[in-house]
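> Got a predicted structure here, sequence first:
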Amino acid sequence: MSEPGVAGSESAQERLDQIAAQVRACTRCPLHRTRTQGVPGTGPASARLMAIGEAPGEREDLEGKPFVGAAGQLLTQLLEEIGLSRSDIFITNVLKSRPPGNRDPLPEEVEACSGYLDAQVDAIQPEVILLLGRHALQRLLPGSSGISRSHGRVIRRGGRAYMPCYHPAAALYNGSLMSTLREDFRALRAYLDAPAQAPAATLPGPPDPPPEAEQLGLF
């Protein structure tokens with residue numbers, strides 16, 4: 001199999017289509033034996049914003065699309081509250097196949113999918129990458145402080161801008177995080193609306209939630 005996203009003169013959309021086909025046929029880790037189908041991601045190659053979550057869940061595995069369950073409905077709502085549509089952004093996950101029982105991704109599974117995710121980021125070249133939850137944070141910004149310290153702030157590394165946020169599923173599990181998520185999405189909107197000549201500004205986030213919040217398994 002060719003390397004994920006290897007491109008000659010292909011357009012960004014053609015590269016994304018190629019990556020999607022490779023994800024659906026992928027056998028790089030044992031998850032291909034238990035999944036219904038691979039879930040590459042959805043959205044335009046021209047997206048200014050890319051959102052990355054943890055892994056497909058049951059609904060995503062059945063439909064082949066990311067964030068179509070309850071957490072996805074909340075993500076759609078949060079985007080609409082800041083004037084964005086799901087069709088405006090590219091949505092994907094660290095893992096492209098559902099782990100059995102929705103367990104946490106294993107390091108070897110993350111590594112097996114890493115080439116696909118990196119190729120998607122390279123094809124899209126988003127202005128900012130929204131990291132939904134601790135697994136996306138650990139994958140894209142290794143060595144960073146936890147979500148409870150870094151959420152709602154724009155972090156620049158390697159020429160890219162990232163904003164960590166709690167995973168929407170965390171707010172569904174712990175309603176006290178809902179206001180935090182809304183504040184973070186408003187900060188995201190402010191960053192997207194900032195003048196182009198000042199893209200490196202790091203915006204202050206809202207106050208951190210109680211320390212015990214990050215101890216829940218959904219972060």
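Structure received. Residues are numbered from 1 along each chain as shown.
> is it true that residue 144 touches residue 136?
No: Residue 144 sits out of contact with residue 136 when judged by Cβ atoms under 8 Å, with a separation of 10.8 Å. The C-beta positions use only the backbone N, C-alpha and C, and glycine is treated the same way.
> shared neighbours of those two, anything?
Shared contacts of residue 144 and residue 136, defined by Cβ atoms under 8 Å, 6 or more residues apart in numbering, comprise residue 164.
> Give the buried residues for the helix ranked longest in the chain.
Once the chain is assigned using DSSP state H, the helix that runs over the most residues is helix 107-124. Neighbour-count burial for helix 107-124 flags 109-110, 112-113, 115-117, 119-121, 123-124 (criterion: 16 or more other Cβ atoms under 10 Å).
> likewise stretch 19-37?
Buried residues in stretch 19-37, counted by 16+ other Cβ under 10 Å: 19-20, 22-23, 26, 28-29, 31-32, 35, 37.
> and if you look at stretch 58-78?
Residues of stretch 58-78 classed as buried: 59-61, 64-69, 71-72, 74-76, 78 (neighbour count, 16+ other Cβ under 10 Å).
> Likewise for stretch 123-140?
123-124, 126, 128-140.
> Of the residues you listed, which is the nearest to residue 52?
Taking Cβ to Cβ as the measure, residue 136 is the one of these closest to residue 52, at 4.5 Å.
> residues contacting the closest one?
Here residue 136 is in contact with 52-54, 93-94, 164 (Cβ under 8 Å, 6+ apart).
> got it, and residue 105?
The contact partners of residue 105, by Cβ under 8 Å, 6+ apart, come to 54-55, 94-95, 99, 135.
> how about low-confidence regions in the chain?
Within the chain, the stretches with pLDDT under 70 are 1-9, 196-219.
> Going along the chain, name the helices of it.
12-24, 58-63, 70-81, 107-124, 134-140, 147-150, 168-173, 178-193.
> Output those as CSV; include the columns distance to residue 89.
Shown next, in CSV, are the helices of the chain (distance: least, Cβ to Cβ, whole Å):
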stretch, distance to residue 89
helix 12-24, 13
helix 58-63, 16
helix 70-81, 7
helix 107-124, 10
helix 134-140, 14
helix 147-150, 20
helix 168-173, 14
helix 178-193, 11
